[in-house]
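# Below are the sequence and a predicted model for it; my questions follow.
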Amino acid sequence: MSEPENEPQTTRARWSLIGPGIVVAATGVGAGDLVATLIAGSRFGYALLWAAIVGTVIKIALAEGVGRWTLASGRTIFDGWSSLGGGWFGGRLNWAGVYFGLYVVIWGFVYGAAAMTATALPLAALFGGDLKVWGVLSGVIGLAFVWFGGYGLFEKVMTGLVGLMFVTVVSLAVIVAPDLPALMTGMVPTLPQGSVFYTLGLIGGVGGTITMAAYGYWVNAKGWRGPGWMRVMRLDNGVAYVVTGVFVIAMLIVGAELLYSAGIALRSGERGLLDLDQVLRDRFGRPISILFLVGFWAATFSSLIGVWQGVSLMFADFYGHVSGRSRGLERGIEGEGPVEKTLPFRAYAMWLTFPPIVLLFMDRPFGLIVAYGVLGSLFMPFLAGTLIWLLNSDRTPRPWRSGWASNLLLGAAALLFALLAGNELIGLLRP
């Protein structure tokens, strides 16, 4: 079904078009985010609920900035980065392009292995079998899906996975019976002792990844082009991150009620969710455990296929700019057709799938992990900072430049992610 060429005039019709925001929000919520939220709830109860709400507002501002840039300027986010100061190859590759190129290659290699492992964990817990086999199978299925499927199918599948995630986690929050008076006290900003970086992580972590920059590409794939679609984009983005916020609050409730009250600690990383599975099985029985594992799988697999699709779009745009053959928002490379069918898109999707399989069978090299951590920690402050630059310059038509509220939120995001990056870098360099 094709999208209308002009923005619909009724609210009901606008609601019917929601989709790209759900895609970007779902891609950003992975197993590591679920564990971080659970651990925050298990250590501090409801005290950091306010941080989850602040985080939701900041993510709305970041994704809105990406969408507004795309619709107002008619250019991709990488096209915007390419305009930020001189460069090489006839001005087609500048400092931002060099950073992005290094980042997307190293990050993709390590992330591919992490995503396949995370998706394999609930499958192995549900059906048994070798974790590595499930991981490889998940990666190959993700590759086949983005290789043969178009955006329309991709959005429908992602929406279904979000529904699974939402129903599962909200059901768990209801089952564990939240303490509503305590929940309300968490709306008041407080910082319990030892909670500073947990708070910053909760604000910045859930739903905040490189795929936020892919939002503009998904908006374009949906058929929204030009400032006339701004209201639809903002509704789409707001609804998606409000859903994500409810999702985060539900996970915090599970951590506070199920783990905090019982003094149960989880392992860090994705395997901490297997600890929660065991707690749920012991307390509520196998059916609830299965329900949770299905939601766990939906969260991890949605992140996997979201990255396989979204970051491959960004890489294809990067390649098109460097080679001088980009068609920008026409979603392709000159002479090669739609971007999903181009060699750069498919080559990057294969890069996410096959080389990382090696890491599933070996200890990840220390130097590679350091490079991954350094480049990855800098991406979100890079995105927030460049959005401030682009949306306050003459690259953006004057009616759509940032106002004080957008600048305040994007500035807060840049500062927040810079602090998180500093903490990450200190952790990497500490013996």
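Right, received. Where do you want to start?

# Check the gap between residue 178 and residue 410 for me.
Distance, residue 178 to residue 410, using C-beta to C-beta, to the nearest Å: 33 Å. (Each C-beta comes from the backbone N, C-alpha and C, glycine too.)

# and the two? which has more neighbours close in?
More crowded of residue 178 and residue 410, by other C-beta atoms under 10 Å: residue 410, with 25 against 17.

# From residue 188, how far out is the nearest residue in space to that one that is not next to it in sequence?
Among residues not flanking residue 410 along the chain, residue 388 sits closest, at 5.0 Å (C-beta to C-beta, 6 or more residues apart in numbering). Per C-beta to C-beta, residue 388 is found 30 Å from residue 188.

# Likewise for residue 427?
30 Å.

# Is it correct that residue 111 is in contact with residue 304?
No - using C-beta atoms under 8 Å, residue 111 makes no contact with residue 304, being 9.4 Å away.

# Looking at those two, which is more packed in?
residue 304 (28 against 22).

# And whatever helix or strand that one lives in, what's buried?
Using DSSP states H and E, residue 304 sits in helix 286-323. Buried residues in helix 286-323, counting neighbours by 16 or more other C-beta atoms under 10 Å, are found at 288-322.

# tell me which residues in the helix or strand that that helix is followed by are buried?
Downstream of helix 286-323, the next assigned helix or strand under DSSP H and E is helix 343-353. By 16+ other C-beta under 10 Å, the buried positions in helix 343-353 come out as 344, 345, 346, 348, 349, 351, 352, 353.

# Show me what helix 343-353 is packed up against.
Identification of packing neighbours for helix 343-353 by 3 or more C-beta pairs under 8 Å, 6 or more residues apart in numbering; DSSP states H and E yields helix 95-127, helix 131-148, helix 286-323.

# Tell me which of those lies nearest to residue 394.
helix 95-127 (17.9 Å; C-beta to C-beta).

# That closest one vs helix 343-353, what angle?
50 degrees (axes from the mean of the first three to the mean of the last three C-alpha atoms, to 10 degrees).

# Quick one: list the elements packing against helix 95-127.
helix 31-44, helix 77-82, helix 131-148, helix 272-284, helix 286-323, helix 343-353, helix 357-360, helix 366-391.

# Distance from the chain centre to it, please.
Put simply, helix 95-127 sits 12 Å off its chain's centre (C-alpha atoms, centre = their mean, to the nearest Å).

# Check the burial of the closest residue in space to residue 56 that isn't next to it in sequence by counting its neighbours.
Of all residues not flanking residue 56 in the chain, residue 245 sits nearest, at 3.5 Å (C-beta to C-beta, 6+ apart). By other C-beta under 10 Å, 21 other residues sit near residue 245.

# Checking residue 245 next. Helix, strand or coil?
The three-state label given to residue 245 by DSSP: H, G, I helix; E, B strand; the rest coil is helix.

# Could you double-check that it sits in contact with residue 53?
Yes - with contact defined as C-beta under 8 Å, residue 245 counts as touching residue 53 (6.4 Å).

# want to throw the helices and strands packed on helix 95-127 into CSV with distance to residue 97?
Below are the helices and strands packed on helix 95-127 laid out as CSV (distance: least, C-beta to C-beta, whole Å):
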stretch, distance to residue 97
helix 31-44, 28
helix 77-82, 6
helix 131-148, 24
helix 272-284, 37
helix 286-323, 7
helix 343-353, 14
helix 357-360, 26
helix 366-391, 12
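
# Relative to residue 236, which of these is closest?
Per C-beta to C-beta, nearest to residue 236 of those: helix 286-323, 15.4 Å.

# so the closest one versus helix 31-44, what angle?
Counting by the same axes, to 10 degrees, helix 286-323 lies at 130 degrees to helix 31-44.

# mind giving me CSV with the helices and strands packed on helix 95-127 and columns for mean pLDDT?
Converted to CSV, those look like this (pLDDT from 0 to 100):
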stretch, mean pLDDT
helix 31-44, 82
helix 77-82, 91
helix 131-148, 95
helix 272-284, 86
helix 286-323, 92
helix 343-353, 95
helix 357-360, 87
helix 366-391, 80
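
# Which of those sits closest to residue 105?
Closest to residue 105 of those is helix 343-353 (C-beta to C-beta; 7.5 Å).

# what's the spacing between that closest one and its chain's center?
Relative to its chain's centre, helix 343-353 lies at 19 Å (C-alpha atoms, centre = their mean).

# And the contacts of it?
Residues outside helix 343-353 that contact it (C-beta atoms under 8 Å, 6 or more residues apart in numbering): 104-105, 108-109, 111-112, 115, 139-140, 142-143, 146-147, 307-309, 311-313, 315-316, 318-320, 333, 336, 339.

# switch to 7 Å and redo it
For helix 343-353, the external contacting residues (C-beta atoms under 7 Å, 6 or more residues apart in numbering) are 108, 112, 139-140, 143, 146-147, 307-308, 311-313, 315-316, 319, 333, 336, 339.

# ok so, going back, out of the buried residues of helix 343-353, which one sits closest to residue 128?
For these, the nearest to residue 128 is residue 353 (23.8 Å; C-beta to C-beta).

# rewinding a little: which one of the buried residues of helix 343-353 sits closest to residue 59?
Nearest to residue 59, judged by C-beta to C-beta, of those is residue 352 at 23.5 Å.

# Which residues are in contact with the nearest residue to residue 190 once chain neighbours are set aside?
With sequence-adjacent residues excluded and distances taken as C-beta to C-beta, 6+ apart, residue 190 is closest to residue 47, at 5.5 Å. Residues near residue 47 by C-beta under 7 Å, 6+ apart: 186, 190, 192.
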